[in-house]
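**Q** Predicted model, plus sequence, below.
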Amino acid sequence: MKAPTNAAMTTDRRRFLAVCLAGTGGLTLGFPLLAPRTAMAAEATFRPNAFLAIGGDGTITATVPYAEMGQGAMTSIAMLAAEELAVAPAAIKTVLAPGDNKLYAHPVLGEQITGGSASLAGSWMPIRKAAAAARIMLVEAAARRWGVGAATCTVADGRVHHAASKRSLAYSELAQAAASVPVPADPPVKTGGFKVIGTAAPRVDSAAKVDGSAVFGLDVRRPGMVYAAVQASPVIGGKLGAVDDKPALAVAGVTQVVRLANAVAVVGRHTGAARKGLAMLEPHWDGGLTDLSTEALVKQADAALDRKGVTAATKGDVAKAFAGAASTFEADYRMPMLAHAAMEPLNCTVEVRDGACEIWVGSQVPGRARIDVAKALGLDEDRVKVNSYLIGGGFGRRLQSEWIVQAALIARQVKAPVKVVWSREEDTRQDAYRYHNHSRVRVALDAKGNPLAFDHRIVAPAIMLWFLPSLLWKDGVDVDATNAATGPYAFPNLMVDYVRNDPPDGLLVGNWRGVGETRNGFVVETVMDQLAAKAGVDPVEYRRRLLPPKSRIAVLLDRLAQETGWGKPLPAGTTRGVAIQSGFGSHMGLVAQVRMDGGKLKVERMTAVIDCGIAVNPNVVRQQIEGGLLFGLTAALYSNITIADGRVVESNFHDQPVVRMVNTPKIDVIIIENGNDPGGVGEPGTAIVAPAIANAVFAATGKPLHQLPLPASMVERV
Amino acid sequence: MGNAVKLKVNGEIHDVDAEPDTPLLWALRDLVGLTGTKFGCGVALCGACTVHVDGLPRRSCVTPISAVGEAEVLTIEGVGKTPVGKAVQDAWLKVEVVQCGYCQAGQIMQATALLTADPAPDDAAIDRAMTGNICRCGTYPRIRAAIHAAAKQRVA
Ligand code: FES
Ligand code: FES
């Protein structure tokens, strides 16, 4: 997703800025990140959602409207501001914005949401414009003081310089005066000659994360705080029945047992006591979907494959192409339910007092959390405050806020700030899962095996109908689920058909790193290798013929082939597989090299090429790709959340294994440099792994894989 | 109440009012107030809670405070004062290991213990020592590189 460039400044916005400036000792600037499609035009006053403040003490503070969950949002925003202000990124203090859907809305998503790998695209223009305006105003203030032309001044190292008279002033000395300079209408940003953008500047959050001083949600401390452990109904959709709270209250340090409609919580002086108390309880759970099983859900999704859905995309005449085809290809695909399994289990600290609620949490949707909690507690939104903290891995789980509401409902019954911490078991069993996704692909082929028509039926839940309907639910189609359903290829005829298949009520599902691409990339890219094999053509060559010549993805494929020595002999016993994709404003390719040894799979090496336009920080790009690949590798090898008798079976890392150091392949990431606007890098890595590995296995065994995770017989657990 | 236990953490004695079976993790985090040590699984499967007890890496989530006794506990907040811990933290910064950072306290404590016992571990030794520590952000290749870098710096 790309942010629209900022429109010229309007009077309203200037008025807002003036108000803002009057209210501070220094210079505070905000530029709306909002795209015109939002309610912005209707608002009497423009409310910016990113701030840059330069204090009289020289501190430059950038407010980060996004969650920092490892993707480098704080670093990227510091870098964008630093570029225009001619300071080092480390000189910029970043603070995480509190929950406010109006003030900090993402320009494309329309709300304060960190997802879809869209953070950088959302801040690319607005943050730089805010910083550029600040610089222009600082220069003007200095020029006035010296009685020289602004054009004769320069900025460097946090100072305005006048070379001719050898004078200079620090920003701190100019901040106050700059506040009374008119705000430039449409400050030009640098279009090249970047000094900060494009460099591997050190991450601004690293130091605190290696010395233990970084404060995640889990680390929040409030005066008088107590701690809660919670268990919600293990039966999906079940309610809390009778529970004898005495055994818990008998545990030293336990102070209270709290009942909610579908959960029980034990409160204590420390988490150890609360957890022990919870373990002593034997709550009864009433009702719920006690018959639910994975087999039934898979069967249901299979049945949906036979239904006609809603047309999501169409081109040409698919039926005619099939009628005239020399041969056809057909395959069904099944993808399992997935948990997020971030390292930081869900947790939330809440204080409810005097008709107000204050929350300390790491959320990907803090603005929504605020609204949801206000509703649940019957408070006005302005009586709820959400303070943002670092997140120990989001991966889409924290795009939901039901767990924050749960914490608030517990806190309402506790006379102190309470930190609610989920166990790993709770985090696994009460996830907002990636739901079952099935696909049916039919391809009509000519005599040479080239595709005449590509027909992709997608069975998926309607996530976007409730998550982001204004943007991603169109005419009965989940735009995310059907995204990239035909890959980057120029098929002469195509059809994408969306069959909505929702989970039963009570089973919470949601977004998962890589979103729609993760399901469709696996389908399309493994189909491509099967078609190539059928045609007797090399998989890279087969793809190349179907890509628009000279397109970014075509250039990337060539580079990938070149970097991996595609077509050259491999070490004995190894094979490789390729996959490519375009999405999140970026293009990506991966070659996975695997060894099949006695039927066991070992992924030895992954070589990725990414074209994400301007890589604002190549190091962060590499990190995101490396991490995305390993996240996808875990899913491809192991991940499978199952339900039996209405309960999620898996609970902790023993039955929900993840990739560890010992089975991490060698990873190389190559960045294609170009001047296009920055694309997303958080999700592409995850989406591309499974197809590349499945294709490598196909190359070794000749047997195509149509299901994830890969067959258990192939995968060794560590 | 009234179970005051003395814990020696990062060279300082703390009075901790908790039952003897309280996991060291929660005593450190909630009662001593050192929140750098993290909770990931609670059952010794992820390594996020790793601290040193008398110099050896321990999963604090399954270590009751009664088992610590008078032993010295070292956490992420104190490890930088040891030469090996400092070298490891420096290497972590140089290699830019960190993403979300949540697992890194445990990783650094585990790596410091490894390098203290084996100043120049090969890849197999690193695998053996580090495979109990999960990182969902996928920083493993950089952790490996950083351990090698710290080892080199220590030797040089
Ligand atoms: S929290 Fe102790 S090993 Fe996971
Ligand atoms: S850095 Fe996020 S879990 Fe390791």
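**A** Nice, I can see it. Ligands and ions are numbered 1, 2, ... in the order given.
**Q** Give me the most central residue, the chain.
**A** Going with chain A. Against the mean C-alpha coordinate of chain A, by C-alpha atoms, centre = their mean, the closest residue is residue A:115 at 3.7 Å.
**Q** wait, I meant chain B there
**A** For chain B, the residue nearest the mean C-alpha position is residue B:109 (2.9 Å; C-alpha atoms, centre = their mean).
**Q** Hmm, residue B:80 and that one touching each other?
**A** No. Here residue B:109 does not reach residue B:80: they are 11.3 Å apart, not a contact under C-beta atoms under 8 Å. Using the backbone N, CA and C atoms, a C-beta is placed for each residue, glycine as well.
**Q** which residues sit in contact with the residue lying closest to residue B:24 once chain neighbours are set aside?
**A** Residue nearest to residue B:24 in three dimensions, not counting chain neighbours: residue B:60, with 4.0 Å by C-beta to C-beta, 6 or more residues apart in numbering or on different chains. By C-beta atoms under 8 Å, 6 or more residues apart in numbering or on different chains, residue B:60 lies in contact with B:23, B:24, B:25, B:28, B:37, B:49, B:50, B:51.
**Q** Could you rerun that using 10 Å?
**A** Applying C-beta atoms under 10 Å, 6 or more residues apart in numbering or on different chains to residue B:60 gives the contacts B:23-29, B:37-39, B:44, B:48-53, B:68, B:73, B:75, B:106, B:109.
**Q** gap between it and residue A:284?
**A** Residue B:60 sits 34 Å away from residue A:284, taking C-beta to C-beta, to the nearest Å as the criterion.
**Q** what's the answer for residue A:341, then?
**A** From residue A:341 across to residue A:284, the span is 29 Å (C-beta to C-beta).
**Q** Just want to know which of those two has more residues nearby.
**A** Neighbours of residue A:341 and residue A:284, each counted by other C-beta atoms under 10 Å in any protein chain shown, are more numerous for residue A:341; the result is 28 against 12.
**Q** what's the helix or strand for that one?
**A** For residue A:341, there is no host helix or strand (DSSP states H and E).
**Q** mind listing what it touches?
**A** Taking C-beta under 10 Å, 6+ apart, one finds A:393, A:395, A:397, A:424, A:427-428, A:431, A:631, A:634-635, A:639, A:641, A:650, A:652-653, A:656-658, B:40, B:46, B:134, B:136 in contact with residue A:341.
**Q** near ligand 2, which of these show up?
**A** When contact is defined as C-beta under 6 Å from any ligand atom, those meet ligand 2 at A:393, B:136.
**Q** So which of the contacts of residue A:341 belong to helices?
**A** A:424, A:427, A:428, A:631, A:634, A:635 (DSSP state H).
**Q** so for stretch A:697-714, what's the average pLDDT?
**A** Per-residue pLDDT values over stretch A:697-714 give a mean of 97.
**Q** And that stretch, how far out from the chain middle?
**A** Centroid displacement of stretch A:697-714 relative to its chain, using C-alpha atoms, centre = their mean, to the nearest Å, is 28 Å.
**Q** For the closest residue to chain A within chain B, pull up the helix or strand it's in.
**A** Taking C-beta to the nearest C-beta as the measure, the point where chain B comes nearest chain A is residue B:36, at 2.3 Å. Under the criterion DSSP H and E, no helix or strand holds residue B:36.
**Q** For residue A:608, give me phi and psi.
**A** Here is the backbone geometry of residue A:608 (degrees, to the nearest 10): phi -110, psi 140.
**Q** before we move on, back to that, next, show the common contact partners of residue B:109 and residue B:80.
**A** Both residue B:109 and residue B:80 are contacted by A:212, B:88, under the criterion C-beta under 10 Å, 6+ apart.
**Q** now the chain, which segments are flagged as low pLDDT?
**A** With no chain named, the answer covers chain A. Chain A contains residues with pLDDT under 70 at A:1-50, A:116-119.
**Q** if you could check chain B rather than the one you did, that'd help
**A** In chain B (pLDDT under 70), the answer is B:1-3, B:155-156.
**Q** Tell me how many other residues surround the residue of chain B closest to chain A.
**A** Count around residue B:36 with other C-beta under 10 Å applied: 27.
**Q** same deal with the one 5 residues further on?
**A** Residue B:41 has 25 neighbours, counted by other C-beta under 10 Å.
**Q** quick one: the residue lying closest to it once chain neighbours are set aside from residue A:642, how far?
**A** Setting aside the residues directly before and after it, residue B:41 is nearest to residue A:424 in space (C-beta to C-beta, 6+ apart), at 4.4 Å. As judged by C-beta to C-beta, residue A:424 and residue A:642 stand 17 Å apart.
**Q** Likewise for residue A:313?
**A** 32 Å.
**Q** Could you give the secondary structure assignment for residue A:405?
**A** helix (DSSP: H, G, I helix; E, B strand; the rest coil).
**Q** what's the closest non-adjacent residue to it?
**A** residue A:376 (4.7 Å).
**Q** I'd guessed that neighbour sits against residue A:410; true?
**A** No. Using C-beta atoms under 10 Å, residue A:376 is not in contact with residue A:410, being 11.3 Å away.
**Q** So between those two, which is more surrounded?
**A** Neighbour totals were compared for residue A:376 and residue A:410, and residue A:410 leads with 24 against 18 (other C-beta under 10 Å).
**Q** For the more buried one, which residues are in contact?
**A** Per C-beta under 10 Å, 6+ apart, neighbours of residue A:410: A:228, A:230, A:256, A:258-260, A:263-265, A:267, A:348, A:350, A:352, A:418, A:420.
**Q** wait, is it part of a helix?
**A** Yes. When classified by three-state DSSP, residue A:410 is found to be part of a helix.
**Q** and chain B, which of its residues are near ligand 2?
**A** B:98, B:99, B:100, B:101, B:102, B:103, B:104, B:135, B:136, B:137, B:139.
**Q** Widest-spaced pair of those residues?
**A** Spatially, the most separated pair among these is B:98 and B:136, at 13.2 Å (C-beta to C-beta).
**Q** For the two, list the residues in contact with both.
**A** Shared contacts of residue B:98 and residue B:136, defined by C-beta under 10 Å, 6+ apart, comprise residue A:70.
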